[in-house]
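**Q** just coords:
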């Protein structure tokens, strides 16, 4: 019988980042299944250009780096320097990674059209605000990944309407331009591929 939690080996830095995240009471860690998905998607884009919006403490970042080849690059953006310092401590030595402390929406608004092969939007910008910029920044064949699309215990009261509005926008995407799959799996995932 298939078990999607069996034999998931995390990146080398994962346990140390997770330990530091718990010590600082970081309440939004990526789960193992999302991490394994990130690693697999990153591995599908050799020589890829990747963007993560919402570094947090670097858990998702570690999975992306673990799937990337030596010629790929990752830009990871976070507004909270206190969180991102953990990512810098454990992952900052990786020459493929650029960590930026700035607003994700501002970054997306100035990025080149078709700049990225994969965007992991794990924050408000690029997802609930500026979704159109995430789509614009994808290359043909590029993948946009959202998680936390199913109700979560840490959602504030005003969050469910934002999720519903985004889902409606995604449902209205032109199927000739984008392929969409919704996965009611763990925290809820949406994968959008630009045709």
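**A** Sure, I can see it. This is a predicted model, so every value here is computed, not measured.
**Q** For the rest of this, base every contact and every neighbour count on C-alpha atoms.
**A** Noted.
**Q** What's the per-residue pLDDT of residue 86 here?
**A** Model confidence at residue 86, given as pLDDT, is 96.
**Q** Assess the claim that it and residue 18 are in contact.
**A** No - counting by C-alpha atoms under 8 Å, residue 18 is not a contact partner of residue 86; they are 9.6 Å apart.
**Q** between these two, which one's more packed in?
**A** residue 86 (22 against 17; other C-alpha atoms under 10 Å).
**Q** Quick check: buried residues in stretch 129-144?
**A** Within stretch 129-144, the residues scored as buried using 16 or more other C-alpha atoms under 10 Å are 130-131, 133-139, 141-144.
**Q** Need the residues that contact stretch 175-187.
**A** Stretch 175-187 has contacts (C-alpha atoms under 8 Å, 6 or more residues apart in numbering) with 33, 147-152, 170, 188-195.
**Q** after the helix or strand containing residue 62, next one along is what?
**A** Secondary structure from DSSP states H and E places residue 62 in helix 59-67. Sequence-wise, the next helix or strand downstream of helix 59-67 (DSSP H and E) is strand 73-78.
**Q** Give me the sheet partners of that next one and which way each runs.
**A** Its sheet considered, strand 73-78 pairs with strand 49-53 (parallel), strand 97-101 (parallel) by DSSP bridges.
**Q** Let's test this: mean pLDDT of that strand, rounded?
**A** Mean predicted confidence for strand 73-78 is 98.
**Q** Report the angle between that strand and helix 59-67.
**A** If you take axes from the mean of the first three to the mean of the last three C-alpha atoms, to 10 degrees, strand 73-78 sits at 180 degrees to helix 59-67.
**Q** for the chain, which strand is longest?
**A** Longest strand of the chain, by residue count under DSSP state E: strand 138-146.
**Q** Now do it against strand 49-53, angle only.
**A** Calculated by the same axes, to 10 degrees, strand 138-146 forms an angle of 40 degrees with strand 49-53.
**Q** Now find how far off-centre strand 138-146 is within its chain.
**A** Distance of strand 138-146 from the chain centroid (C-alpha atoms, centre = their mean, to the nearest Å) equals 11 Å.
**Q** How about stretch 144-153?
**A** Worked out by C-alpha atoms, centre = their mean, stretch 144-153 lies 11 Å from the chain centre.
**Q** Give me the distance between the two termini of it.
**A** Start-to-end span of stretch 144-153 (C-alpha to C-alpha, to the nearest Å) is 24 Å.
**Q** ditto for stretch 108-125
**A** First-to-last residue span, stretch 108-125, C-alpha to C-alpha: 8 Å.
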